[in-house]
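# Fold the following, please.
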Amino acid sequence: MAKDTVEILIEGGKATPGPPLGPAIGPLGINMMQVVEQINSKTSDFAGMKVPVKIIVDSSTKEFEIEIGTPPTTALIMDELKIEKGSQDPGMEKVADLSVEQALKIARMKFDSLLANDYKHGAKEVMGTCVSMGITVAGKDPREAQKEVDQGVYDDILLA
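Here you go, the predicted structure:
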C-alpha cells in the first residue's frame, strides 16, 4: 500500500483547487473538491494565517486524510495583537504588548507542538518568542514576566 504525502502552506479557510494545492495533488487522482472542503473546514479558525497542511493519500484506494499543523507562534502572536510584523530592532524598539491572558490563549492553541508539559510553561514559551519580536508582556520585558510566572505571580490566570 503506497502512500503519497503532500505538504503545503495554505491560508486558513482559503484553499482552492488552483495553485499551490491543485498542481500538488492533481496527479494523485483524488477528489479535489473533497480535499479543498476538508482543508477549509479544518483551517477556518486560522483565517488570515498560513497553516501547514499535510495530505496523505493512499494511491491504491484514492482515500486521503488531512492533517493540519498550527501556524508558527510568531504568526499567532501577530494575529492576536493585530500587528503586521515584529520589531526591526527588538532590543530597542517595542512594537506591542501581550497580556498574560493572551500568552495563555496562544499556548493553548499551540500546545500540541510546544515542548511544555502544561499551560503555565507553554505561556512562558510564548513569552520567550516575544523577546525576539520586540513585544513586551504585561508591560515589561518578557524575561521579567517569565520570572514572575516562575514565582507564581500569574497562577490565578495560568492555573484557572
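# Only C-alpha atoms from now on, for both contacts and neighbour counts.
OK.
# From C130, how far out is the nearest residue to A138 once chain neighbours are set aside?
Spatial nearest neighbour of A138, chain neighbours left out: S99 (4.9 Å); criterion: Cα to Cα, 6 or more residues apart in numbering. S99 is 11 Å from C130, where distance means Cα to Cα, to the nearest Å.
# Can you report how many residues neighbour V35?
Using other Cα atoms under 10 Å, V35 has 20 neighbouring residues.
# How much space separates it from E63?
V35 sits at a distance of 10 Å from E63 (criterion: Cα to Cα).
# quick one: common contacting residues for those two?
Residues touching both V35 and E63 (Cα atoms under 8 Å, 6 or more residues apart in numbering): none.
# contacting residues around the host helix or strand of P23?
For P23, the element it lies in under DSSP states H and E is helix 21-25. In this structure, residues lying in contact with helix 21-25 by Cα under 8 Å, 6+ apart are V6, I8, A15, T16, M32.
# how about the residue positioned nearest the centre of the chain, what does it touch?
The residue lying closest to the centre of the chain (Cα atoms, centre = their mean) is P71, at 2.4 Å. When contacts are counted by Cα under 8 Å, 6+ apart, P71 is found next to F46, M49, K50, V51, P52.
# Just those residues: which are in strands?
Within these, residues falling in strands by DSSP state E are K50, V51, P52.
# Show the pLDDT at the first one.
In the predicted model, K50 carries a pLDDT score of 86.
# number of nearby residues for it?
20.
# Ok, F46 next?
Neighbours around F46, by other Cα under 10 Å: 18.
# Tell me, how many residues neighbour D4?
So D4, with other Cα under 10 Å, has 12 neighbours.
# Please disregard the earlier target; I meant L159.
By other Cα under 10 Å, the residues close to L159 number 11.
# what about it, distance to P52?
Per Cα to Cα, L159 is found 30 Å from P52.
# Excluding its own residues, what touches the longest helix anywhere in the chain? List them.
Longest among the helix segments of the chain by residue count, using DSSP state H, is helix 119-133. With contacts defined as Cα under 8 Å, 6+ apart, helix 119-133 is touched by 73-74, 86-87, 90, 100, 103-104, 106-108, 111, 114-116, 136-137, 141-143, 145-146, 149, 155, 158-159.
# which parts of the helix or strand just after that helix are buried?
Remark: after helix 119-133, the chain's next helix or strand is strand 135-137, criterion DSSP H and E. Buried residues in strand 135-137, counted by 16 or more other Cα atoms under 10 Å: I135, T136, V137.
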